[in-house]
Every structure is written in structure tokens, then in C-alpha cells.
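S.K.: Structure, please.
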Amino acid sequence: MSAADDLLDAFQSFCTRWGFEVASPGEALRDIPYGRQRLHLHVQPRQFGWQVGLTERTSFPVKPDVDEYVCSFRTSPHSLNPSWPLAWKLTGPASLPRVSEGIQRAYAEELGPFLEQTRTPDGLLRWLREADAPLRLISPSITRPLRRGLWLTDHLPVQERAAVRHDLREKILLIEQVMNRNS
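M.R.: Numbering: from 1, shown residues only. The predicted structure is shown next:
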């Protein structure tokens with residue numbers, strides 16, 4: 001077995017401890033109220049070992065009772081906190097403990113708290129309204145997570161929807177104004 005295989009085995013045991021079910025090597029998921037959270041360990045071969053990355057995807061149906069259309073939000077430890085590496089380098093069995101520890105710490109310090117905070121559409125919408133939240137998600141556009149957040153407002157109590165939609169739209173407009181000024 002290679003160091004990459006050993007890491008994938010270790011990741012499976014981490015995921016079980018974190019409350020996820022292993023779906024396939026390097027991928028685990030758990031159901032949450034109204035949606036699902038998924039962890040993915042990317043192990044890509046390189047010339048001298050493997051490049052290892054960890055990402056998370058939280059998904060909710062757009063309408064509370066209809067699973068047909070789902071919107072997802074992705075992030076990584078590095079996106080949440082740039083002091084984390086984009087990826088770890090697994091060069092062989094000797095580097096396995098360091099990479100395993102890095103993954104566990106990244107989950108404990110960044111992904112775990114994020115996943116707990118965003119377990120519900122309400123929690124995710126609260127998080128999205130923080131100052132730099134859209135910058136901490138993996139997306140081709142800085143405003144896309146906010147636009148997707150607008151879709152999730154149907155999950156909120158009726159009396160809260162208008163205020164949350166207003167906050168998200170204001171944030172989208174502000175970001176677009178700044179981007180237009182800088183281009």
C-alpha cells in the first residue's frame with residue numbers, strides 16, 4: 001500500500017469520528033437539517049509524491065420541500081483562513097503523520113466550526129451576512145454565494161425573509177460597485 005492509500009484510510013477513520021459516513025475513498029457525507037454536508041480529500045499524484053487538499057460542500061434544496069433543485073456552497077481550510085496551506089505535500093510514509101495531523105487540525109480549527117455554524121439554511125444565511133464571508137467560499141464569482149443565499153431565504157420564517165433578502169442584495173450591490181470602480 002502507498003502512503004496515499006494509508007492517508008485515505010486514515011481520512012475514513014477521521015470522517016467517522018467527525019460524524020460523517022464514508023461514501024467512497026476520499027469522500028464522506030452526512031445529512032443535516034434540510035440538506036447535506038460532504039467532505040472530499042483530493043489526493044493527486046505529483047512527480048515526487050502526492051498533493052493533498054481538503055474541501056467541503058454544504059448543499060440545501062432551493063425550496064424547503066422540493067429536493068429537485070439544490071444550491072451548494074464550497075470552501076476549504078485555506079479559503080476560511082489563508083494561513084492554512086492550499087494543499088499538503090505527501091512525499092511518502094515519513095510525511096504521513098504530518099499530513100494526517102494537518103488535516104485533523106484544519107478540520108478542528110476551521111472546517112468543523114464552519115460546518116457546525118452552517119448546518120441549517122438559517123445558519124448559512126447568518127454566516128453569509130458576515131463582512132468577508134463571500135471571499136471565504138470557493139466560487140467563480142464573489143457574488144454567486146450571496147445570490148444563492150437569496151434562493152435559501154424560503155427556508156426562513158416569513159417574518160425574517162424580507163430583512164435577510166435586503167441584507168444580501170445590499171451586499172451584492174456594494175460588492176458590484178467596488179468591483180466596477182476598480183475595473
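S.K.: Tell me where the model's unsure across the protein.
M.R.: Low-confidence segments of the chain (pLDDT under 70): 64-68, 183.
S.K.: Would you map the helices across it?
M.R.: For the chain, applying DSSP state H gives helices covering 3-17, 77-80, 96-106, 112-117, 121-128, 144-152, 158-182.
S.K.: Same list, these, but as TSV with mean neighbour count and distance to residue 88 please.
M.R.: Backbone N, C-alpha and C define where each C-beta goes, glycine included. Formatted as TSV, these follow (neighbours: other Cβ atoms under 10 Å; distance: least, Cβ to Cβ, whole Å):
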stretch	mean neighbour count	distance to residue 88
helix 3-17	17	9
helix 77-80	20	10
helix 96-106	16	5
helix 112-117	16	17
helix 121-128	20	26
helix 144-152	20	26
helix 158-182	12	32
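S.K.: want to throw those helices into TSV with distance to residue 44?
M.R.: Formatted as TSV, the helices of the chain follow (distance: least, Cβ to Cβ, whole Å):
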stretch	distance to residue 44
helix 3-17	9
helix 77-80	15
helix 96-106	13
helix 112-117	24
helix 121-128	29
helix 144-152	25
helix 158-182	32
